[in-house]
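Q: have a look at this prediction, sequence included:
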There are 2 protein chains.
Amino acid sequence: MLSKTSRYGVRAILYIAANSNENRLIGVRDLSVAIEISQPMLAKVLQHLTKKNLIQSKKGRNGGYYMTSLQKNIHLLEVIRELEQSEYLINACLLGQKHCKTYDQCPYHDKVMLIRSELRAIYGTDTILNTSTKINNFFL
Amino acid sequence: MLSKTSRYGVRAILYIAANSNENRLIGVRDLSVAIEISQPMLAKVLQHLTKKNLIQSKKGRNGGYYMTSLQKNIHLLEVIRELEQSEYLINACLLGQKHCKTYDQCPYHDKVMLIRSELRAIYGTDTILNTSTKINNFFL
DNA sequence: TTAATAAAAGATAAAAATATCTTTATATCT
DNA sequence: AGATATAAAGATATTTTTATCTTTTATTAA
């Protein structure tokens, strides 16, 4: 459904949302341990998130990553949109047809529409902060 | 959700179910045109389906592929199981965590369970034949 | 103002997924 | 039997995704 990189991004962002703020930054090393993603890989992912303005970074000594409350206040769906460049994966034809006439000929159309609503509900209802603080031991 | 190859397989199998029987075989060339997959690629996919006993093949002149009614009488879910080697994609953690404690800590658990039921319903309700003959112009 | 620390950026590598090509085996028609 | 059509099998190539490494730039504490 999501690429591995996007899933890494989601994991990272949920953790950062739950465990950082303007005065409490998280470094790559610590984060890498916490969410079990290799340091170099995670670094790339974080760079990407930063460029997309989904998280903040601060260079130099005592630097690290964090999120502002504004940034914590968006839906996961937004994050996915940024990470995947679109809602492609949510919208794509289940059978991979280029010209799937979804609206009236695909045998799965109606059912697929249901799934898509469910997915949007999952990703689009709670804000990141909400989601991530609900369960604190999620990453244990 | 499914790999590209699996989706090719599903497309092929739905078409073959709708358009073949013991006395009416379909060659790779024709099929390739019908469902818009390159010939070499499709050939590989069909070989795979044959090995898994999901379709029949007949070599030599006037050979080709077809399905018996027995073969048309299974659920798409079976096909997916064979093609993906498991229900991995349906069951995997949405966030790609190795040790997702799905049952009580994942923030998405309940919602994800819903989605999975939906998916199973889509793939597990109708037989292939049912699905594919419902709409004949699906591939137009 | 210098040393240390941390992220950014870009280059490279490795692995996995897709796609294609070539040869071989098999069946059937004439 | 010989020619032809067709799938099977295996080797190879290409592309995409994932992962890593190296160098640079910025920050700040001492």
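A: All right, it came through fine.
Q: helices along chain A, start to end?
A: Secondary structure of chain A (DSSP state H): helices at A:4-19, A:28-35, A:39-51, A:69-72, A:76-84, A:88-91, A:109-124, A:128-134.
Q: give me the nearest residue to the closest residue to DNA strand C within chain A, chain neighbours excluded.
A: Proximity of chain A to DNA strand C (C-beta to the nearest atom of the strand) peaks at residue A:57, 3.2 Å away. For glycine as for every other residue, the C-beta is placed from the backbone atoms N, C-alpha and C. Spatially, and ignoring its direct neighbours in sequence, residue A:57 is nearest to residue A:50 (4.7 Å; C-beta to C-beta, 6 or more residues apart in numbering or on different chains).
Q: so the one you found touches residue A:63, yeah?
A: No. Using C-beta atoms under 8 Å, residue A:50 makes no contact with residue A:63, being 11.8 Å away.
Q: what is in contact with these two at once?
A: Among the neighbours of residue A:50, those also in contact with residue A:63 (C-beta atoms under 8 Å, 6 or more residues apart in numbering or on different chains) are residue A:57.
Q: up against DNA strand C, what does chain A have?
A: A:26-29, A:43-44, A:46-47, A:50-51, A:57-65 (C-beta under 7 Å from any atom of the strand).
Q: contact residues of chain A facing DNA strand D?
A: Counting by C-beta under 7 Å from any atom of the strand, chain A sits next to DNA strand D at A:3-5, A:8, A:38, A:40-41, A:43-44, A:58-63.
Q: now the residues you listed: which count as buried?
A: Neighbour-count burial (16 or more other C-beta atoms under 10 Å in any protein chain shown) applied to these gives residue A:8.
Q: by mean pLDDT, flag the weakest helix or strand of chain A.
A: helix A:88-91 (a mean of 56; mean pLDDT, DSSP states H and E).
Q: export the helices of chain A to JSON lines and append columns for distance to residue B:34.
A: Shown next, in JSON lines, are the helices of chain A (distance: least, C-beta to C-beta, whole Å):
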{"stretch": "helix A:4-19", "distance to residue B:34": "34"}
{"stretch": "helix A:28-35", "distance to residue B:34": "46"}
{"stretch": "helix A:39-51", "distance to residue B:34": "41"}
{"stretch": "helix A:69-72", "distance to residue B:34": "49"}
{"stretch": "helix A:76-84", "distance to residue B:34": "31"}
{"stretch": "helix A:88-91", "distance to residue B:34": "25"}
{"stretch": "helix A:109-124", "distance to residue B:34": "20"}
{"stretch": "helix A:128-134", "distance to residue B:34": "45"}
